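Student: okay, structure incoming, though there's no sequence with it:
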Ligand SMILES: *Cc1c(COP(=O)(O)O)cnc(C)c1O
């Protein structure tokens, strides 16, 4: 039996309707921006395996750090114990995060980092004896698939089976160009009419919505409104963190600072699942008390796994190299040139670039559904041509590993350009 046949017998894949979906591709090897399947067909991973892998597949530097940690201390519980990799990682991260971030809480994935932030926002007010239960989020937000993260997410087919079972979330429009004032007004209105505890947002780029982008000035204004009303702000940088927007964090474009930040995806260079939520000292202090009931009763078995910490430390040092910083600039330049080349194509209705993120929207007669026919045709075309891209409805985006070579990147552009001819 092939790997695919054995897979079909026992495995249940994410976001997959197994009755209608194409069979998965069995990948056997990865190196740099390339992956190979069991028939030795080569693919360019132009979405960094769901945005997790900036430094290349099977990266030897990270692998060596993991091996060294695994053979020194692979894991120890973090309740009542600590270890150097977690301490150094916290020190290093806090040194590069906005300088109001003072405390680091570990978990396992993007959704749990959001879950922790939302629980802290709600319990912050509980601990202070104030009744605030509403979370504010953007339309079409994506914050993950666990319950509070799902409640904050606004992409309906991810959440429709669970309507009526969520914590209270009120949505405001994204302040895309020309819509800023609607967003500001909506935020004022929502805060006036609800007991709002927190506002969660994907800073500058909404990834899962199709790389929807908006300006830092608009986000600054929203953060200001929240601060004036004592509403806690949560920057979900799970996708945008570690260089994707051209700066280390999307929040580096802001003058305001969020109260909390969520990090995961590229944190360990795409090697080991790990996530971090960071907090201001004001937040930590609201839980610091003689009363045990004011503590944060949240934790996961593998919290602060030393091997994950070692992978994150190795990843951070790669991000800081001159070579990697030059890659960010090189890819951004490539994207801007490609945007110029395609933006006037009759099939392209919009295109945008921020950092290493490129997106274009393809003209459609009807509104394209997230996993609709157009999307599937595009996806299949890219796969046939050896490029891994997962369009969102009619939106094709590129978010490559930073180590992608110029010729690989040009190949991705060519395939995207030829896709415009088949639609
Ligand atoms: C992917 C993502 C999440 C969820 O992360 P998981 O690791 O898949 O649970 C949350 N927020 C944003 C912005 C994301 O892109």
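Tutor: Ah, there it is. Keep in mind that this is a model prediction, so the values were computed, not measured.
Student: now the element after the helix or strand harbouring residue 44, going C-ward?
Tutor: Residue 44 is located in strand 42-45, with elements delineated by DSSP states H and E. Counting by DSSP H and E, the element after strand 42-45 in chain order, helix or strand, is helix 48-51.
Student: kindly report the residues of the stretch 101-250 of the chain close to the ligand.
Tutor: Taking CB under 6 Å from any ligand atom as the criterion, the stretch 101-250 of the chain approaches the ligand at residues 109-111, 114, 142-144, 202, 207-208, 236, 238-239. Glycine gets a C-beta too; all of them are placed from N, C-alpha and C.
Student: do a quick rundown of the strands in the stretch 251-400 of the chain.
Tutor: 260-263, 275-279, 348-354, 357-362, 387-388, 395-398 (DSSP state E, counting those that start in this stretch).
Student: turn the residues of the stretch 101-250 of the chain next to the ligand into CSV, including neighbour count, secondary structure and pLDDT.
Tutor: Putting those into CSV (neighbours: other CB atoms under 10 Å; DSSP: H, G, I helix; E, B strand; the rest coil; pLDDT from 0 to 100) gives the following:
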residue, neighbour count, secondary structure, pLDDT
109, 19, coil, 98
110, 29, helix, 98
111, 22, helix, 98
114, 31, helix, 98
142, 24, coil, 97
143, 31, coil, 98
144, 24, coil, 97
202, 27, coil, 98
207, 23, coil, 97
208, 21, coil, 96
236, 32, strand, 98
238, 28, coil, 98
239, 27, coil, 98
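Student: farthest-separated two in the residues you listed?
Tutor: Pairwise distances across these (CB to CB) peak at 15.9 Å, for the pair 109 and 202.
Student: what is the neighbour count of the residue nearest to residue 128 when sequence neighbours are not counted?
Tutor: Among residues not flanking residue 128 along the chain, residue 286 sits closest, at 6.2 Å (CB to CB, 6 or more residues apart in numbering). Close neighbours of residue 286, defined as other CB atoms under 10 Å, add up to 19.
Student: repeat for residue 223
Tutor: 24.
Student: how about it, what does it touch?
Tutor: Residue 223 makes contacts with 199, 233, 254, 256-258, as judged by CB atoms under 8 Å, 6 or more residues apart in numbering.
Student: at 10 Å what do you get?
Tutor: For residue 223, the contact set (CB atoms under 10 Å, 6 or more residues apart in numbering) comprises 187, 199, 201, 203, 231, 233, 235, 251, 254-259.
Student: PyMOL command to pick out the buried ones of the residues you listed?
Tutor: Buried residues among those (16 or more other CB atoms under 10 Å), as a PyMOL selection:
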select buried, resi 187+199+201+203+231+233+235+251+254+256+257+258+259
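Student: out of the contacts of residue 223, who's nearest residue 60?
Tutor: Looking across those and measuring by CB to CB, the closest to residue 60 is residue 251, at 31.2 Å.
Student: give me the residue from the stretch 51-200 of the chain nearest the ligand.
Tutor: At 2.0 Å from the ligand, residue 110 is the closest residue in the stretch 51-200 of the chain, using CB to the nearest ligand atom.
Student: so what's the residue nearest to the spatial centre of the chain closest to, chain neighbours aside?
Tutor: Note on the chain: the residue nearest the mean C-alpha position is residue 239, at 1.9 Å, using CA atoms, centre = their mean. Using CB to CB, 6+ apart and skipping the chain neighbours, the partner closest in space to residue 239 is residue 207 (3.9 Å).
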